[in-house]
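Trainee: Fold the following for me, if possible:
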Amino acid sequence: MDALQKLIHLADDSRYDLACACSSSNKERRRRKLDGSWLYPVPLAAGGYGIMMKTLLSNACSSDCRYCPLRHEGNVRRCTLLPDEIARLFMDHLSRQWLLGIFLSSGIVGTPDRTMERLTAAAEILRRKYRYRGYIHLKIIPGASEAAITRALQLASAVSLNIETPGERYFRQLSAYKSFDSDIVRPLRFLADQTQPGSPYAGIRCSTQFIVGAADESDRELVRYTAAVYRKLRFERVYFSAFQPGADIPLAPQPESLELVLSNHDRLTREHRLYQADFLLRKYHFDADEMEFGPDGNFDLARDPKLRWAERHPEFFPVRINTADREALLRIPCIGPTYADRIIAERRKAKLSNLLRIGLRGKNARTAIDYIDFC
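Mentor: Below is the predicted model of the structure:
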């Protein structure tokens with residue numbers, strides 16, 4: 001295979017890793033391909049989408065992750081790009097169209113540090129040889145040394161290391177090759193220490209990802225761990241990737257697992273509910289203990305977690321829309337940060353008597369009105 005053919009193959013295999021801005025929900029996942037499998041739509045803070053190159057350097061892997069078709073005994077066509085090849089391919093695409101940046105990951109080639117050397121070599125070629133000053137997201141390989149992680153922080157705009165499961169008990173179900181404490185928790189804490197305000201690499205953004213449903217973890221445990229990542233590690237984002245059983249995956253859901261009875265559509269719905277819960281934690285100031293779960297510790301697939309909370313807490317409602325503070329407004333179903341800010345701005349001009357003034361209409365408006373007092 002030539003370098004471009006390898007890129008096509010490796011970029012397709014990179015779909016198993018969502019821990020970057022390239023995909024924050026199933027909606028973005030469906031929008032993935034634009035002009036080749038290596039180009040991804042990326043939601044921008046100012047609205048709209050940019051384009052990012054996303055690929056593996058290699059799909060060879062020493063690990064045994066039982067949810068991943070790229071594990072060492074997996075039946076896939078193996079190939080590897082050299083660091084200078086991926087740098088040249090990226091710059092070639094950049095010369096023909098604007099790209100937001102590049103996301104580089106890899107299977108574990110030999111050892112974690114050997115793999116990190118290849119990833120950072122590609123980043124260094126971009127920075128030094130091509131004078132590229134744009135966005136580079138580097139995957140931190142589980143088990144990487146502090147020296148290897150530090151080198152990545154020196155070159156990257158953002159880094160990520162997948163936590164995979166909410167705790168060692170579930171991690172043992174997925175891998176015997178890796179250690180949860182030494183290969184995952186230790187480097188996550190080191191990343192947190194190195195990127196906190198006042199630390200050497202305070203400007204570098206950090207994220208992580210859970211593989212949802214590969215073990216028998218509950219949504220409650222995932223949400224609690226997610227809250228801890230934000231509270232203790234202060235990472236920018238947590239991502240979720242629904243486990244998809246397949247012919248090449250040896251891992252079968254446990255008999256007690258919710259995943260045993262879920263369709264592929266329901267697995268993605270479960271992923272979506274976790275993203276909604278994540279948004280409640282980050283933007284709505286909910287605590288993990290406030291989330292409403294079923295007896296099995298999982299979200300209701302048919303109900304938005306925020307709406308479920310509102311239904312279970314009638315004592316909080318109705319909210320007086322003309323006097324309530326922003327925190328209370330954010331508890332109203334279908335009222336997010338943007339609408340809450342519009343409410344506050346509009347009621348300064350005149351008393352609100354409907355939601356049309358803030359631009360909320362249709363089904364969402366009808367839902368919100370049930371929880372509002374306009375007095």
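Trainee: Contact partners for residue 123?
Mentor: 104, 136, 138, 152, 155, 156 (CB atoms under 8 Å, 6 or more residues apart in numbering). Any C-beta I mention is one placed from the backbone N, CA and C, and that applies to glycine too.
Trainee: The first one belongs to a strand?
Mentor: Yes. Going by DSSP: H, G, I helix; E, B strand; the rest coil, the assignment for residue 104 places it inside a strand.
Trainee: right, and it touches residue 119 too?
Mentor: Yes. Using CB atoms under 8 Å, residue 104 is in contact with residue 119, at 5.5 Å.
Trainee: list the residues that contact both of the two?
Mentor: 57, 138, 139.
Trainee: In those residues, which residue is surrounded by the most others?
Mentor: Counting neighbours by other CB atoms under 10 Å, the top entry in those is residue 138, with 27 neighbours.
Trainee: List the buried residues of stretch 178-196.
Mentor: Of the residues in stretch 178-196, those buried by neighbour count under the rule 16 or more other CB atoms under 10 Å are 178-180, 183-188, 190-192, 194-195.
Trainee: Next step: those restricted to strands.
Mentor: Of the buried residues of stretch 178-196, none are assigned to strands by DSSP state E.
Trainee: Which members of those residues are positioned in helices?
Mentor: Judged by DSSP state H, helices contain the following of those: 186, 187, 188, 190, 191, 192, 194, 195.
Trainee: what number of residues lie near the closest residue to the fourth one other than its chain neighbours?
Mentor: Just to be clear, that refers to residue 190. Computed as CB to CB, 6 or more residues apart in numbering, the closest residue to residue 190 that is not its neighbour in sequence is residue 146, at 5.6 Å. For residue 146, the count of nearby residues is 13 (other CB under 10 Å).
Trainee: Not counting sequence-adjacent ones, nearest residue to the most centrally placed residue in the chain?
Mentor: What sits nearest the mean C-alpha location of the chain, by CA atoms, centre = their mean, is residue 239, with 2.0 Å. Spatial nearest neighbour of residue 239, excluding adjacent residues (CB to CB, 6+ apart): residue 209 at 4.2 Å.
Trainee: next SSE after the helix or strand hosting the one you found?
Mentor: Secondary structure assignment for residue 209, by DSSP states H and E: strand 205-212. Counting by DSSP H and E, the next helix or strand C-terminal to strand 205-212 is helix 219-228.
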